[in-house]
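Okay, sequence plus prediction incoming.
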Amino acid sequence: MRQVVISRYGEPRVLEIQERPDLEAGPGEMVVQVKAAGINFADILARQGLYLDAPKPPCVVGYEVAGVVTAVGEGVDPDWKGKVVVAVTNFGGYSEQVCVKPAMVFPKPEKLSFEAAAAIPVNYVTAYQLLIAMGGLREGERVLVHNLGGGVGLAALDIARHRGAVVYGTASAAKHDFLKERGAAEVIDYRRQDWFKELKKITAGRGVHLILDPLGGKNWKLSYRSLAPTGRLGMFGVSSVTESGLSGKFRFLKILLQMPWFNPIGLMQSNRGVFGVNLGHLWREKERIRPWMEEILRGVEEGWIRPHVDRAFPFEKAADAHAYIEARRNIGKVVLVP
C-alpha cells in the first residue's frame with residue numbers, strides 16, 4: 001500500500017509517497033481500503049513541526065477516511081466486511097489502508113460520495129462540540145464564526161442554522177456570495193475591513209452570544225470583547241501561528257505573548273465564558289463522540305448537514321493540497337484520494 005509521509009519538518013514538498021506492507025486486522029480491528037482522506041489544518045501544523053501531539057517524522061497524519069472494509073479481526077462482527085464506511089483515525093489517514101476500531105466506524109450515508117463523507121468527522125464533530133456540547137447554542141442567538149469559509153466554518157454554519165441561530169462570519173471577499181447562499185446573515189471581509197468594528201455596526205453594539213475562533217493570539221482578545229452578556233468564546237486553534245515569518249518555537253512565542261489572560265473575577269463581572277476545544281484530545285471519549293457523530297449523520301439524511309468538498313487531490317499532489325489550504329483558497333473541505 002502507499003502512504004503520504006511527512007518525511008521531515010518543512011514546506012509542503014516534504015510530503016512523500018512511500019510504500020508500506022499491506023495491513024492485517026488484529027483482534028478488535030478492521031481494515032478499511034481508503035477511497036478518500038480528509039485534510040485538516042492540524043496536519044499542516046504537524047508538517048511544520050508546530051503540532052505537539054503529532055508523531056515525529058517520518059510520520060503519516062490524517063484523522064478521517066471514507067472507504068470499504070476489506071478485513072475484520074477476531075472479535076469483530078464479520079458482517080462489517082464489504083461495507084462502505086466513514087472512520088475516525090488517530091493519525092495514519094493519508095494511506096491506502098487504515099486499521100480502525102469498530103467504535104469509531106460508521107456506515108457511509110448513501111447520498112454522499114466518498115470524498116464528501118471524508119469531509120464530515122473532524123469538521124462537523126468539532127463544530128458540534130463548539131456550538132452544542134460546550135457552546136449551549138439556543139434558537140435566536142447570534143453567532144460569529146471566524147474563517148467561515150473553512151471546513152469547520154461551513155460545518156458550524158449548517159449546525160447553527162439548523163438550531164435557528166443567526167450566523168455572521170469573517171472570510172475573504174471571494175467567498176461571500178457562496179456563504180450567503182449557504183445561509184450566513186452577514187460576512188465581513190477580514191482582509192479589507194476591521195471585523196471588530198464591522199461586527200459592532202451589524203449588531204448595533206450589542207455583540208454576539210457565541211464566537212468560534214480558530215485564529216488565536218490577539219484575535220482572542222477582540223473576540224472576547226465582542227461578546228454580549230452571557231456570551232461564550234470557543235477557541236479551537238491557533239492558525240495565526242502559520243502567518244508569521246518566524247520559524248519554529250519563535251512563532252509560538254510571538255502568538256503566546258499576544259494571547260489574553262482570562263481572570264475569573266473579570267469573567268464573573270462581565271457574565272461571559274470562555275472554553276477550548278481540541279478534538280485530538282477527545283478521540284478516546286468514544287461514548288461522547290459517537291452520539292454526536294450519529295446525530296450529524298442523521299442530519300445528512302434529513303438534509304441539514306451538507307458537507308462541501310472544494311477540491312480532491314490525488315496522493316501525488318498532496319503538497320499542492322497543503323499549499324492550497326495554507327493560501328486560504330479553499331471553501332470547505334480539501335481531501336486526498338489514493
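Ah, there it is.

Please tell me how far the spatially most central residue of the chain sits from D177.
Centrality entry for the chain: nearest residue to the mean C-alpha point is N123, 3.6 Å, by C-alpha atoms, centre = their mean. Note on N123: its distance to D177, by C-beta to C-beta, to the nearest Å, is 21 Å. The C-beta positions use only the backbone N, C-alpha and C, and glycine is treated the same way.

same check, this time on I289
Distance from I289 to D177, by C-beta to C-beta: 34 Å.

So which of those two has more stuff around it?
Comparing I289 with D177 by other C-beta atoms under 10 Å, the one with more neighbours is I289, at 21 against 10.

Helices of the protein, residue ranges please.
Using DSSP state H, the helices of the chain run over residues 41-47, 114-118, 121-128, 151-162, 176-181, 195-202, 218-225, 249-258, 264-270, 286-302, 318-326.

Make JSON lines out of the ones you listed and add mean pLDDT and distance to F236.
Output for the helices of the chain, formatted as JSON lines (pLDDT from 0 to 100; distance: least, C-beta to C-beta, whole Å):
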{"stretch": "helix 41-47", "mean pLDDT": "94", "distance to F236": "10"}
{"stretch": "helix 114-118", "mean pLDDT": "98", "distance to F236": "20"}
{"stretch": "helix 121-128", "mean pLDDT": "98", "distance to F236": "6"}
{"stretch": "helix 151-162", "mean pLDDT": "98", "distance to F236": "7"}
{"stretch": "helix 176-181", "mean pLDDT": "98", "distance to F236": "19"}
{"stretch": "helix 195-202", "mean pLDDT": "98", "distance to F236": "18"}
{"stretch": "helix 218-225", "mean pLDDT": "94", "distance to F236": "11"}
{"stretch": "helix 249-258", "mean pLDDT": "59", "distance to F236": "15"}
{"stretch": "helix 264-270", "mean pLDDT": "91", "distance to F236": "19"}
{"stretch": "helix 286-302", "mean pLDDT": "96", "distance to F236": "15"}
{"stretch": "helix 318-326", "mean pLDDT": "97", "distance to F236": "16"}
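
Tabulate those helices (CSV), appending distance to K83.
Below are the helices of the chain laid out as CSV (distance: least, C-beta to C-beta, whole Å):
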stretch, distance to K83
helix 41-47, 26
helix 114-118, 13
helix 121-128, 17
helix 151-162, 25
helix 176-181, 34
helix 195-202, 45
helix 218-225, 42
helix 249-258, 42
helix 264-270, 47
helix 286-302, 14
helix 318-326, 27
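
Tell me which of the ones you listed lies nearest to L233.
In terms of C-beta to C-beta, the element of the helices of the chain nearest to L233 is helix 218-225, at 5.3 Å.

by contact count, what packs against that closest one?
Helix 218-225 sits against helix 195-202, strand 208-213, strand 227-235, with contacts defined as 3 or more C-beta pairs under 8 Å, 6 or more residues apart in numbering; DSSP states H and E.

Give me the mean pLDDT for the second one.
Yep, that's strand 208-213 we're talking about. Averaging pLDDT along strand 208-213 yields 98.
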